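1. build me a model:
(one chain, ligands or ions: 1)
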Amino acid sequence: MKRKPSRKASKPTPRPSKKASPKKQAPLLSRRMLISLAVSLILLLAVLLYVFNPFAAPVFDGNRAFQYLEQQCDFGPRFPGSPGHKACGDFLVSELGKFSDRVVENRFNYTDKRDSSIVYDGRNIVASFNLTPKLNYRVMLCAHWDTRQFADKDPDSTLHDQPVPGANDGASGVAVLLEMARILEQFPLDFGVDIILFDLEDAGDYGAAIDSDSLMPFCIGANHFANTQTSYRPRYGILLDMIGDKDLKIKKEAYSNYYAPQVVDRVWKAARKLNLDVFSDSLSDPIIDDHYPFLEKGIPVIDIIDFDYEYWHTTADTPDKCSPQSLQMIGDVLLEVLYPTEE
Ligand SMILES: [Zn+2]
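-> Have a look, this model is predicted:
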């Protein structure tokens, strides 16, 4: 059954008397204007607080970093000359371009020491934050992004000519730095930061000196960069290598500790503040890595590395051996170094 609408309800509201003076309507209008102005101001304030929240603090997202690790591995092996190397390099340039003020590729050619018919097309990728005004205080965060072509430490010797997937050895350090790039854009610092992804770190012959003429050295991209970009002298640098292992333990790398103790202290102090006991006070063996060419030039760069990795240079260096938690701990320490919290 449908109810008839009540007549009372449809009774029209009385019109204002024509006699009412327009002067009396003025305060009503201005009150309305005031209310809409106040609402607009509140909305504007809310938007400003959302965009420029002075209380917001940078937060590192280990899961997002882990997605970056998996994305790199999805390209397949990433040794120079491979399809994965080309595709992943393009992806890294594009991804860093979303967050940084400028991405520059430092390209170079390198002739293989074992076969002079092979010339590698090397790509060091440099993403800079806070370029203007020109600052002389810059910090370098770096990692190698290439992976090793031969899994020559695999327990199964028939796999020694297979490529390394490079989840930990390649993708892990880059993954943390890509997530850092997002934070650096969102929370600008008053000094400059350069994220540098070095190529051709992992093509070396074991035991080769960094400037070997007869053997293929490691750290070819970083060495090329340090030798050619001589005007680039960051105040300090932090290299991340093999930091994704589920069972993470970071010792103080011996070259870093000897040549850049002030940077080691800074990083380990940040780790202590966060109660991260994966940062151990014991010393590791010296490791020739991408920090070494910079140490030779007197630039203090340290290597954060967990070299105790069962799957190093094997076909089993896959994402399941790594964890978001490990990337989170490294990211948290970097944040504490760059954006120190109150004591
Ligand atoms: Zn390696």
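2. what kind of secondary structure is Val47 in?
-> With DSSP: H, G, I helix; E, B strand; the rest coil as the basis, Val47 sits in helix.
3. so where's the stretch 101-250 of the chain shaky on pLDDT?
-> For the stretch 101-250 of the chain, the stretches with pLDDT under 70 are 133-134.
4. around the ion, pick out the residues from it.
-> 169, 202 (CB under 5 Å from the ion). In this view, the C-beta of every residue, glycine as well, is placed from N, C-alpha and C.
5. all helices of the stretch 101-250 of the chain, in order?
-> Ranges of helices within the stretch 101-250 of the chain are 172-186, 220-228, based on DSSP state H, counting those that start in this stretch.
6. tabulate those (a markdown table), appending mean neighbour count.
-> Compiled in a markdown table, the helices of the stretch 101-250 of the chain are given as follows (neighbours: other CB atoms under 10 Å):
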| stretch | mean neighbour count |
| --- | --- |
| helix 172-186 | 24 |
| helix 220-228 | 22 |
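7. which one of those helices lies nearest to Ile288?
-> Closest to Ile288 of the helices of the stretch 101-250 of the chain, according to CB to CB: helix 220-228, at 10.1 Å.
8. now do the contacts for Glu201.
-> 144, 146, 218-222, 289-290 (CB atoms under 8 Å, 6 or more residues apart in numbering).
9. how much space separates the residue nearest to it when sequence neighbours are not counted from Arg32?
-> Among residues not flanking Glu201 along the chain, His144 sits closest, at 3.3 Å (CB to CB, 6 or more residues apart in numbering). With distances taken as CB to CB, to the nearest Å, His144 is found 64 Å from Arg32.
10. so which of these two has more stuff around it?
-> Relative neighbour count places His144 above the other of His144 and Arg32, with 29 against 10, counting by other CB atoms under 10 Å.
11. was I right about the more buried one contacting Phe198?
-> Yes. His144 lies in contact with Phe198 (CB atoms under 8 Å); the separation is 4.7 Å.
12. quick check: neighbours shared by these two?
-> Residues touching both His144 and Phe198 (CB under 8 Å, 6+ apart): 219, 221-222, 290.
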